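Asker: This is a predicted model, with the sequence first.
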Amino acid sequence: MKTPMYKLKVPDDIAELIRNMHPHLKKKVRASLQSILSDPYSGKALKDELAGLRSFRVGRLRIIYRISDQKLIEIVAIGPQETIYEETFRLLKRK
């Protein structure tokens, strides 16, 4: 089995969110995380205030992440498409 070039960083709060998901959705999200790990640039590049982040579609959910120069993929947020971009913007403003 080939070792991925990138490493995945999932913050504790997002890992807990995934653990508490319905089993069917959890399986889809975990498969999507593997897809992102295999091809980090497969997600849509975001613009404007969210420039530098990418979005990966999982049904109605979006996984928001960033790719660092150190071959690290950091998951920033996971949530429904309707609200995740605004929530991510607010989250980043607080940091």
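Answerer: That came through, no problem.
Asker: CA only for contacts and neighbour counts going forward, please
Answerer: OK.
Asker: Figure out how far the longest strand seen in the chain is from the centre of its chain.
Answerer: Across the chain, the longest stretch assigned as strand under DSSP state E is strand 72-80. Centre-to-centre, strand 72-80 and its host chain are 3 Å apart (CA atoms, centre = their mean, to the nearest Å).
Asker: average pLDDT for the following helix or strand past that strand?
Answerer: Sequence order places helix 84-94 as the next helix or strand after strand 72-80, per DSSP states H and E. On average, the pLDDT along helix 84-94 is 91.
Asker: Touching helix 84-94 from outside, list them.
Answerer: Applying CA atoms under 8 Å, 6 or more residues apart in numbering, the external contacts of helix 84-94 come out as 49-50, 62, 64, 76-78.
Asker: From those residues, pick the one nearest residue 30.
Answerer: residue 78 (11.8 Å; CA to CA).
Asker: In contact with the closest one, which residues?
Answerer: 14, 61-64, 84.
Asker: Reformat those into JSON lines and put secondary structure next to each item.
Answerer: Below are those laid out as JSON lines (DSSP: H, G, I helix; E, B strand; the rest coil):
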{"residue": "14", "secondary structure": "helix"}
{"residue": "61", "secondary structure": "strand"}
{"residue": "62", "secondary structure": "strand"}
{"residue": "63", "secondary structure": "strand"}
{"residue": "64", "secondary structure": "strand"}
{"residue": "84", "secondary structure": "helix"}
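Asker: and these as CSV, adding distance to residue 33 and neighbour count?
Answerer: CSV is the format used below for the contacts of residue 78 (distance: CA to CA, whole Å; neighbours: other CA atoms under 10 Å):
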residue, distance to residue 33, neighbour count
14, 12, 15
61, 13, 18
62, 11, 22
63, 8, 22
64, 11, 24
84, 17, 18
